[in-house]
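> Here is a sequence together with a model predicted from it:
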Amino acid sequence: MDDNFETDTPALLCSLEDNIEAEMTVSLLQSAGIPVLRKRHGVGDYLKIYMNMSFYGMDIYVPSKLHAKASEILAARATSEQDYVMDEETELAIQRYKRKNFIKAWVLIVVIGPGGWAIWALWTFARNMLMLIAQ
């Protein structure tokens with residue numbers, strides 16, 4: 001834990017649902033010299049370790065003495081982002097990234113979950129039957 005958190009209590013700065021936005025916010029605060037604690041919602045910590053992503057969002061905490069400075073930084077970013085218009089290519093890239101991660105999560109749920117073996121067995125049976133028919 002950072003020295004600032006040992007001498008000061010953590011204060012909730014914001015709660016973000018989008019993993020990309022949360023990581024960008026953490027990076028922005030750290031580049032300004034503000035230490036950050038992350039707390040993911042639900043099983044988000046486990047998903048972050050296992051799949052390097054989480055769909056559950058994140059709470060961002062900063063030392064209470066630096067809360068005002070961190071709030072100003074986020075307010076300045078929000079003002080500058082209002083002037084930013086995302087081009088179509090970037091928007092499509094973000095949508096592809098989110099879709100890919102969503103598909104990965106569902107594949108893992110199906111494969112690891114209780115129905116995963118049944119689906120695998122049905123797929124294997126169907127594949128073998130198609131091979132026999134094709135002969």
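In hand now; what should we look at?
> what residues go with each domain of the protein?
1-84, 87-135 (automatic domain parsing).
> where do the helices sit along the protein?
Taking DSSP state H as the test, the helices found in the chain are 3-7, 19-31, 44-51, 67-82, 88-112, 116-134.
> between these, which one is nearest to L37?
L37 lies closest to helix 3-7 among the helices of the chain, at 6.5 Å (CB to CB). (Glycine included, C-beta is placed from N, CA and C.)
> one step back: among the domains of the chain, which is the most enclosed?
domain 1-84 (a mean of 15; mean count of other CB atoms under 10 Å).
> Now that one: average pLDDT?
What domain 1-84 shows for mean pLDDT is 78.
> still on that earlier bit, which one of the helices of the chain lies nearest to Y61?
Here helix 3-7 is closest among these (CB to CB), at 8.2 Å.
> Nearest to the middle of this structure, which residue? Look it up for me.
N19 (2.8 Å; CA atoms, centre = their mean).
> isn't it right next to R38, touching?
No: between N19 and R38 there is no contact under CB atoms under 8 Å: 10.7 Å.
> E72 and K100, how far apart?
E72 is 35 Å from K100, where distance means CB to CB, to the nearest Å.
> Equivalent analysis for L132, please.
35 Å.
> Repeat that for S64.
Distance from S64 to K100, by CB to CB: 38 Å.
> again with W106
Taken as CB to CB, the span from W106 to K100 is 11 Å.
> Next one, pLDDT for I94 please.
80.
> Which residue, neighbours along the chain excluded, lies closest to it?
Distances taken as CB to CB, 6 or more residues apart in numbering place I20 nearest to I94, at 7.4 Å, with adjacent residues excluded.
> quick revisit: save the helices of the chain as TSV, and put in distance to L13 too.
Formatted as TSV, those follow (distance: least, CB to CB, whole Å):
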stretch	distance to L13
helix 3-7	13
helix 19-31	8
helix 44-51	17
helix 67-82	5
helix 88-112	24
helix 116-134	39
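> of the ones you listed, which approaches D59 most closely?
Nearest of the helices of the chain (CB to CB): helix 19-31, 9.1 Å.
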